[in-house]
Structure formats: structure tokens, C-alpha cells
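Undergrad: here is my input; please provide its structure:
(one chain, ligands or ions: 1)
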Amino acid sequence: MDQPVIVPPFDLARQLDALGPELDQAVLKVLHSGQYIGGPVVAEFERAFAQTVGTAHVVSCNSGTDALILALRALDVGPGHEVITTSFSFFATAEAISAVGARPVFVDVDPSTYLLDLDRVEAAISPHTRALLPVHLFGYPLDMERCMALAQRHGLKVVEDCAQAAGSHWAGRPVGSWGHAGCFSFFPTKNLGAAGDGGCITTNDPQLAQRMGELAVHGMAERYVHTALGYNSRLDALQAAVLLVKLPHLQSLVRARQHQAMAYGQGLGHLGGLVLPPLQVPGHSWNQFVVRIPGAKSHSRNQVQKSLQQQGINTIIYYPTPIHRQPAYQDLGYGPGSLPVTEGLAHEVLSLPMFPELTVTQQQQVIRGLGGALQERITSYAHLESNP
Ligand SMILES: Cc1ncc(COP(=O)(O)O)c(C=O)c1O
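TA: Have a look, this model is predicted:
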């Protein structure tokens, strides 16, 4: 049997190391160019990313959060408006809606995909609704044909949160190319990660692209002429250089994730007390491999996580508290039980180590470790039952 190895939830340095001299050269070139904000490298990255996603325009910015804010602002979403979204996401999804002065309206998720439940969206539409903000969570692509048809029927804009889904497709078409705008994060753990913060917005609408580009630079329409109150949200040239080196590898990085997802499926499929994510999902980029460990409250899941940790296997819970139950959103009035599927998931989900450089040995260690942790749980329950 292999020696136990420490398994991190991700290993960012290894990916940058693998790119070696090419990356070093690209970074040094920017350093010596003296052009650190904007310039040819940023423009080249925007062109290359537009080609990858298949949209006419890409506006780079400083983060995925800013991408969402810029898209909503440019679509004239603001005070008095509602945006329908999911509460089972990173906080920034809803925070961006609030940041433009609008109100997030949360709809529960589909229990099989963990994505915005499109069957429930129509009931949440009001005269104030301006946009839908679906999230391709964990890289799982939402049914964008249905989503766009629904939005069109109600005259709503669609901003896709693609932060976790660079390289994902729906019906063979990249996410971020379906909605009025697609918002990507280049946070280091994402499928296409920078060596720091970064983000961008994809769109086919030239006017929207222009507005977003201006808003990202203090609402500046021409040099020192400010037509709107905007932001300072730019992608650094150094980050663009890193991203340009990594972008040609995106497909193979995603393929590695897909391969690992299938290996997890094979290795874990026979285990009891565990719910696997749907495995046969074309276009899934597997930013995360999220299993569910059902049990009372979070007890079983937490116990399994602790047992894995003791074996050197580090997992993460995305996300332990749904957005609608966060202290910052208590004023929205979503009490406990208001989104039962989302709240149930928050008690049960556990993200296993998943990154392109995860070795077969590490993955086997996770599979064995999880089998052992689940067995331990069953044994401790049996013990409790015989000693009430
Ligand atoms: C679903 C989702 N939306 C938005 C964001 C925000 O992206 P950033 O961290 O680049 O601001 C993230 C980042 O974790 C995310 O996961």
C-alpha cells in the first residue's frame, strides 16, 4: 500500500511551476516594459479570451466581483430593481447586486444540479425584476437555452456568473456567450487563475462593452472626461501576462479535471452514506468535485471532514452558510427554512481536493480516506445505538 500523503485542496504553485520559463519570460517582459496598467498585453489577453469564449468583446477588470458590478451597472440595474439569483454561491454573487443598489431575490436551487431552479424563477418575477443572475456553480453549466428563453419571455437581462466555470459549455457553446454579459473571475483557484486578482466580462453587445470599459476606468469616456461615476477596476498587465501564458492550456487543464471527476466517480460510486454529483454532464469543467454526506444538521459531514483532515486530506466546505442566511443579509427577511434545498445542501456538501495537478496517488489517498471516514461514522453510529 502507498504511504499516506498530504493532500491539499489545491496546489497553485505547482501549476505555475509547470509553465516554467515561458511564464518567467512573460512576467519579466512586462516588468521591463514599464507598462503595468493597460497596454498591449492586456489588450492581447482580451482578444484571446474573446476568441476562447466566442464573444465579440471582452472587458477586463480587477476581479470577478467587479465584473458582476460593472455588468449590472452597464445594464442600468440599480435602486428599485430586483435581480433573481441563487443563494447557493459565493457571497459576491449577491453582494454585486446590492453594490449597484438593487435587491437580490433568492430562488432555491435544483436539488440535483445545485443550480438556480429554473422551474421556480417565474414565481419570483415581479414588476421590479430587471435581470437574472444565474451561477454556473462548481463549473456545472446551467441550461442556458431555457434560461434565455425564460428571460426573453419576461424582458429580463441575463448576467451569467461564470466565476467558477471558465472552460464550461452548455449545448456545445461556452458559458459567458449566452447571456447579455458573462462574468469571469481569475482568482488563483479558478479554472483559469491569475497570480492574484483579476476578472473580465464577455459580451456580444458593443455598446454594453463600451459602457463597461468606461465604468471600469472612472466612467471615463475620453481622456479626463467622466460621463458617469465609475470605478478603478483594471486588470494589471502582469496578471494579463500570466493569463495569456495559461489560456492556451485551459482546455487541457479542464480535461484533467474531467478525468479526475470520473476517477472520483469510479472510486467512490460504491460507498454508502455518500451522494455523488451527477457525473455524465457534458460541458462541466469541474472547478470543484462536491459530494454530499447526509445526516442530522452538519454533524455527519463535519465528522467526515475532521476524519479526513486527521489523515492529511484537506477538504473545503463551499458554502457552509447560504447567502440569504448571512448576517449581512438579515434585513432581506429570509428566515430559516425559506430556501430548504439550499439550506439542506449547506449542511451536507464537502468539496474534495480537485485541481489539474492532483496526482493519482493523492487521489487514491482521498478515495481510501473517504471510504475509511464513512466506515468510521457507520461504526460510531452502531456503537451509539447499542449504548443509548
Ligand atoms: C460564484 C462566484 N462569483 C463571484 C466570485 C467573485 O470573484 P472574485 O473573487 O474574483 O471577485 C467568485 C469568487 O470566488 C465566485 O466563486
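Undergrad: mind listing the strands for the chain?
TA: 57-61, 82-86, 103-107, 129-133, 157-161, 169-170, 173-174, 181-185, 199-203, 220-222, 225-226, 289-292, 349-352 (DSSP state E).
Undergrad: dump those into TSV; add mean pLDDT, distance to residue 307 and mean neighbour count as well.
TA: Where you see a C-beta, it was placed from the backbone N, CA and C, and this is true even at glycine. Converted to TSV, the strands of the chain look like this (pLDDT from 0 to 100; distance: least, CB to CB, whole Å; neighbours: other CB atoms under 10 Å):
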stretch	mean pLDDT	distance to residue 307	mean neighbour count
strand 57-61	98	41	26
strand 82-86	99	30	25
strand 103-107	98	33	21
strand 129-133	98	37	24
strand 157-161	99	33	27
strand 169-170	98	36	22
strand 173-174	98	39	18
strand 181-185	99	32	30
strand 199-203	98	36	31
strand 220-222	96	54	13
strand 225-226	98	56	11
strand 289-292	98	14	22
strand 349-352	98	11	23
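Undergrad: tell me which of those strands lies nearest to the ligand.
TA: strand 181-185 (3.2 Å; CB to the nearest ligand atom).
Undergrad: if we can go back for a sec, can I get the strands of the chain in CSV with distance to residue 270?
TA: CSV is the format used below for the strands of the chain (distance: least, CB to CB, whole Å):
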stretch, distance to residue 270
strand 57-61, 44
strand 82-86, 31
strand 103-107, 35
strand 129-133, 38
strand 157-161, 34
strand 169-170, 30
strand 173-174, 34
strand 181-185, 35
strand 199-203, 40
strand 220-222, 59
strand 225-226, 62
strand 289-292, 13
strand 349-352, 16
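Undergrad: what sits against the most centrally placed residue in the chain?
TA: Centroid-nearest residue in the chain, with CA atoms, centre = their mean: residue 164, separated by 2.4 Å. Residues near residue 164 by CB atoms under 8 Å, 6 or more residues apart in numbering: 135-139, 185, 190-191, 287-288.
Undergrad: got a markdown table for those residues, with distance to the ligand too?
TA: Below are the contacts of residue 164 laid out as a markdown table (distance: CB to the nearest ligand atom, whole Å):
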| residue | distance to the ligand |
| --- | --- |
| 135 | 5 |
| 136 | 8 |
| 137 | 6 |
| 138 | 9 |
| 139 | 10 |
| 185 | 3 |
| 190 | 7 |
| 191 | 11 |
| 287 | 8 |
| 288 | 10 |
